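Engineer: Sequence first, then the predicted structure, then my questions.
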Amino acid sequence: MLPLYRDAKYTDVPTGDKQDLFDAVKSDMRYSHELYGCYECGICVAACPSARFYDFSPRVFAQTMAREDIHTFYELLNDSVWDCSQCFSCTCCPRQNNPGGIITIMREVAVNTGLQSAKDALRAYSRIIYKVMSTGTQVSPDMLQPDFFPDWGPDVRDVSLNLDVWRRAIPPETLHTVEMAWDVSEKTKLELYMIWKLTGNLEMIESVDEGLFMILEEVMEELLDEHGYDIDDYDCIVGD
Amino acid sequence: MIGDDGAIRLKVANQAPPKASDREFELPKEPPTADHREQLFALEEAGELEVLRVPEPLVKVDTKYGRKKKIPIENTWHHKSCGQCGHIPGYSSSIYWLNRQFELNYHDPREQTSCTAWNYYASSTSNPAAQAAVACRNFAQAKLDGYFPLIHCGTSYGHYKEVRAQLLHYPELRQQVRDVLDRLGLPFVFPEEVVHYSEWIHVMRHRIAERQVRDFSAITATVHPACHYHKLVVEDAIYDRDLYDGQRTAIVSGVVEALGATVADYSTWHDCCGFGFRHILVSRDFSRSFATIRKIERMKEEADPDVTLTHDTGCVTTLDKSQFSTQAHGRNVGIPVMSDAQFAALSMGAHPYLVCQLHWHGVDMKPLLEKMGIDHVGAWEEFERVAERLEQNPEAFLTWEEV
């Protein structure tokens, strides 16, 4: 079977490699609850924000997976999969499909496998992953810099210039922070890091961004060591 | 059917079907989904986990399929939101301010992490076991602290319901989470209800209206409902037969009506804001295009509101921050954006800058504040005096007593 796209980019990838990744998606425990069939009615496309501005269609994902078209699947896995907004507007499907959920699983497989396209898609995003995995909050006030958000207008510059004082001028005590969204206790940050270790998440990070993995491991394990935790006690316990 | 003459005749409709406006919406006799609470209690009965009960006092409200959901009024453990606390802090501050105005007992924990779902939906650098363990670590901490979780973020709310569905479906996932929590020395706890702060505001709306000191009758608002509130695990979002005939979620719209403002409808009400998780941070051309072309411009053309109100971190950020640069393209933008919490707090007299922190928002709020009868010039001077004092004393903070 040929891929759906005439301009397919990955025709030289061995079919067996594509099949392995397809099987990895299908074997995820969630998969059977995400796809029940497809009427091709297009309701999901009508509701989808990404479909309006990208060459992207949740219907194509549902159809491709249902037809087991591994060639088109591989094209989607390396391209369109990162266009999804993950808003789950597509769950309005009359067959109860969840194309957004299929895409979540596909992205996980792409990251776990260390696909170059996943690395490319996440390259600019690494600092965010580091922030959430090491501090327990996803974004911080000090990210509001004019060079990072030039399109958000002059207010970002004002926040950036007055950051320390403006953060102290917020009544809740937990919000007097600059490098974290709120004040997360050190014990809590360490517990979060242990969850990443125990569930095999650090291996995922290593496969997609080795540099990020090394920094994260060094910083957090030093902290664990300082607090008297034996790092070896927290090796991954979640099997495949 | 066969006529007297033996001929076969087809039934022909002799009446036009009722128009949509004449049809009456009826709830299904039986909800099409299982009741998660029954499933949770069954697991508790089997000794698999502990269900954290909604504490009294509570209010019961209708949800999508007619089931009743319990919303706690106080003794709440405030599960904060990354984007709210980090980039729009007046959002969180207003939630706390409202609790304090009603002298309700609550806890603002330092032992809380992000749900990490923003990252998960952006990058997928996680897996179901990790996501469920992060959720349950937070819930375990809430139990240890003696409070019931109140979720500030729409994505945390939606994701935790997704986690709940997975925990209920997959015994192997429950075992993985149990193993992780055992290693952390924490109990395996899941709350009876996943409750969003906007649901708390919804059930408090009449009490808020009783304490209203600013007249909002001249204010027209459009409402944007967060996708992860009403599209992701749909059955426990709040619906009200008196709002949109029970066919759209009543969240946010209910409080706007209670405060005497006008809710204006627009054709892309169901659309996403364009946040996109990954996109808002590293591919904002998409978020900006969608937010302005599909949402803000539609609202402007069809309703011309004074403000648009929403109830989630990402929606406030995307709808607000996307408007600045699109002015360069001559787009028809310029609608102030804030949360229902800030709107409710302003109605009760909250300070626009010290409490609602509106200077962290992008679109000019001054015309709206004037319409609300707020002296924004004087209010900003008050804020600047506070900022000057804090600048002179690096150890000082603004306190609740001062606001």
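Structural biologist: Happy to help now that I have it.
Engineer: Which helix or which strand is home to residue A:109?
Structural biologist: Assigned by DSSP states H and E, residue A:109 belongs to helix A:99-113.
Engineer: Averaged pLDDT, that helix. What do you get?
Structural biologist: Per-residue pLDDT values across helix A:99-113 average out to 97.
Engineer: next one: stretch B:118-128
Structural biologist: In this model, stretch B:118-128 has a mean pLDDT of 96.
Engineer: quick one: is the helix holding residue A:109 near chain B?
Structural biologist: Yes: counting by C-beta under 8 Å from any C-beta of the partner chain, contacts between helix A:99-113 and chain B involve A:104, A:107, A:108, A:110, A:111. (Each C-beta comes from the backbone N, C-alpha and C, glycine too.)
Engineer: For residue 137, report the pLDDT, please.
Structural biologist: In the absence of a named chain, this looks at chain A. pLDDT at residue A:137 comes out at 97.
Engineer: meant chain B, my bad for not saying
Structural biologist: 98.
Engineer: again, but for residue B:9
Structural biologist: pLDDT for residue B:9: 68.
Engineer: Residue B:244 too?
Structural biologist: Value for residue B:244, per-residue pLDDT: 93.
Engineer: For it, give its distance to residue B:339.
Structural biologist: Relative to residue B:339, residue B:244 is positioned 20 Å away (C-beta to C-beta, to the nearest Å).
Engineer: Between these two, which has more neighbouring residues?
Structural biologist: When residue B:244 and residue B:339 are compared for neighbours, residue B:339 comes out ahead with 28 against 16, by other C-beta atoms under 10 Å in any protein chain shown.
Engineer: residues in contact with that one?
Structural biologist: B:84, B:88, B:91, B:94, B:309, B:310, B:311, B:316 (C-beta atoms under 8 Å, 6 or more residues apart in numbering or on different chains).
Engineer: what about the residue nearest to the third one when sequence neighbours are not counted, which SS state?
Structural biologist: If I follow you right, that is residue B:91. Using C-beta to C-beta, 6 or more residues apart in numbering or on different chains and skipping the chain neighbours, the partner closest in space to residue B:91 is residue B:84 (4.1 Å). At residue B:84 the chain is in helix, as set by DSSP: H, G, I helix; E, B strand; the rest coil.
Engineer: if I pick residue B:84, what's in contact with it?
Structural biologist: Residues in contact with residue B:84 (C-beta under 8 Å, 6+ apart) are A:181, B:91, B:92, B:152, B:153, B:313, B:316, B:339.
Engineer: Quick check, residue A:111 in contact with residue A:204.
Structural biologist: Yes: counting by C-beta atoms under 8 Å, residue A:111 sits close enough to residue A:204 to count as a contact (5.5 Å).
Engineer: Overlap in contacts, these two.
Structural biologist: Each of residue B:125 lies in contact with both residue A:111 and residue A:204 under the rule C-beta under 8 Å, 6+ apart.
Engineer: Show me what residue of the stretch 251-400 of chain B gets nearest to chain A.
Structural biologist: residue B:324 (3.3 Å; C-beta to the nearest C-beta).
Engineer: Low-confidence bits of the chain, can you list those?
Structural biologist: Let's take chain A. Chain A contains residues with pLDDT under 70 at A:1-4, A:239-240.
Engineer: nope, chain B
Structural biologist: Low-confidence segments of chain B (pLDDT under 70): B:1, B:9-15, B:17, B:20.
Engineer: mind listing what's buried in stretch B:290-297?
Structural biologist: For stretch B:290-297, burial by neighbour count (16 or more other C-beta atoms under 10 Å in any protein chain shown) applies to B:290, B:291, B:292, B:293, B:294, B:295, B:296, B:297.
Engineer: So the last one belongs to a helix, correct?
Structural biologist: Yes: using three-state DSSP, the assignment for residue B:297 is a helix.
Engineer: Can you give me the distance of the nearest residue to it once chain neighbours are set aside to residue B:326?
Structural biologist: Once flanking residues are discounted, residue B:297 sits nearest to residue B:332: 5.1 Å by C-beta to C-beta, 6+ apart. With distances taken as C-beta to C-beta, residue B:332 is found 9 Å from residue B:326.
Engineer: which helix is the longest one in chain A?
Structural biologist: Longest helix in chain A, counting residues (DSSP state H): helix A:210-226.
Engineer: ok, the residue of the stretch 251-400 of chain B closest to chain A touching residue A:156?
Structural biologist: No: with contact defined as C-beta under 8 Å, residue B:324 does not count as touching residue A:156 (9.1 Å).
Engineer: quick one, what contacts the closest residue to residue B:271 other than its chain neighbours?
Structural biologist: Nearest residue to residue B:271 in three dimensions, chain neighbours excluded: residue B:294, at 5.3 Å (C-beta to C-beta, 6+ apart). Residue B:294 sits next to A:49, A:52, B:268, B:271, B:274 when contact means C-beta under 8 Å, 6+ apart.
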